[in-house]
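Enquirer: just coords:
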């Protein structure tokens, strides 16, 4: 007995329904597409790598042996009408465009300062962010007997402070920009009251 080399010289083509048929090589994509008008051939490697974006094979493409190809219906594209030029109703100079670009690059923290002064949660409560010096917090705690009185005095500070900053304290009603609280010393405490 002698050694014999044999190999499959056929191409496997699979329909979208799962039916397969084999063709002997050499064969071109155009000969397969003649029997199936309105269909395209996709290489299985391209489908694995690109998915739905896989490009169909050209009609003159030589199909390689021992490879799998998919025969799928060619997607119908909507008819493209005459292209028309669209002009913007807004006329901007180069300087205006540059200014717009600079404004769009603002960070989210800058934009949050522009938002409304109070943030309301689902229960209807208002979030208040307050920074006080450690000595001021200790003074408030010493003057009052329970937490409700402390909260009432802190809300009073918020109302009388008007949301403005002083050298000793920074009161910000609304829980907005965190950068406003940097005016005090490093020994300040942050107190958040939620309804």
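Expert: Nice, I can see it. Only a predicted model underlies this, so the values are computations on that prediction, with no experimental measurement involved. Numbering: from 1, shown residues only.

Enquirer: what helices or strands is the lengthiest helix in the chain leaning on?
Expert: For the chain, the helix with the greatest residue count under DSSP state H is helix 147-161. Packing contacts for helix 147-161, counted by 3 or more C-beta pairs under 8 Å, 6 or more residues apart in numbering; DSSP states H and E, involve strand 128-133, helix 134-143, strand 170-173, strand 188-193. (Glycine included, C-beta is placed from N, CA and C.)

Enquirer: weakest of the ones you listed in terms of mean pLDDT?
Expert: With a mean of 48, strand 170-173 has the lowest mean pLDDT of the helices and strands packed on helix 147-161.

Enquirer: what is the rounded mean pLDDT of the longest helix of the chain?
Expert: Summarised as a single mean, pLDDT over helix 147-161 is 73.

Enquirer: quick one, that helix and helix 134-143 angle?
Expert: 130 degrees (axes from the mean of the first three to the mean of the last three C-alpha atoms, to 10 degrees).

Enquirer: pLDDT-wise, which helix or strand of this protein ranks last?
Expert: The weakest-scoring helix or strand in the chain, judged by mean pLDDT, DSSP states H and E, is strand 170-173 (a mean of 48).

Enquirer: now do the strands in this protein.
Expert: 10-15, 20-24, 27-28, 39-43, 62-63, 68-73, 128-133, 170-173, 188-193 (DSSP state E).

Enquirer: so what's residue 15 up against?
Expert: Contact partners of residue 15, counting by C-beta atoms under 8 Å, 6 or more residues apart in numbering, are residue 71.

Enquirer: so how far is residue 92 from it?
Expert: Separation of residue 15 from residue 92 (C-beta to C-beta, to the nearest Å): 54 Å.

Enquirer: do residue 18 as well
Expert: Residue 18 sits 56 Å away from residue 92, going by C-beta to C-beta.

Enquirer: settle it for me: which of the two has more neighbours?
Expert: Taking neighbours as other C-beta atoms under 10 Å, residue 18 and residue 92 compare with residue 92 leading, 11 against 6.

Enquirer: could I get the pLDDT score of the more buried one?
Expert: pLDDT for residue 92: 70.

Enquirer: how near is residue 36 to residue 136?
Expert: 83 Å.

Enquirer: ok, residue 98 next?
Expert: Distance, residue 98 to residue 136, using C-beta to C-beta: 46 Å.
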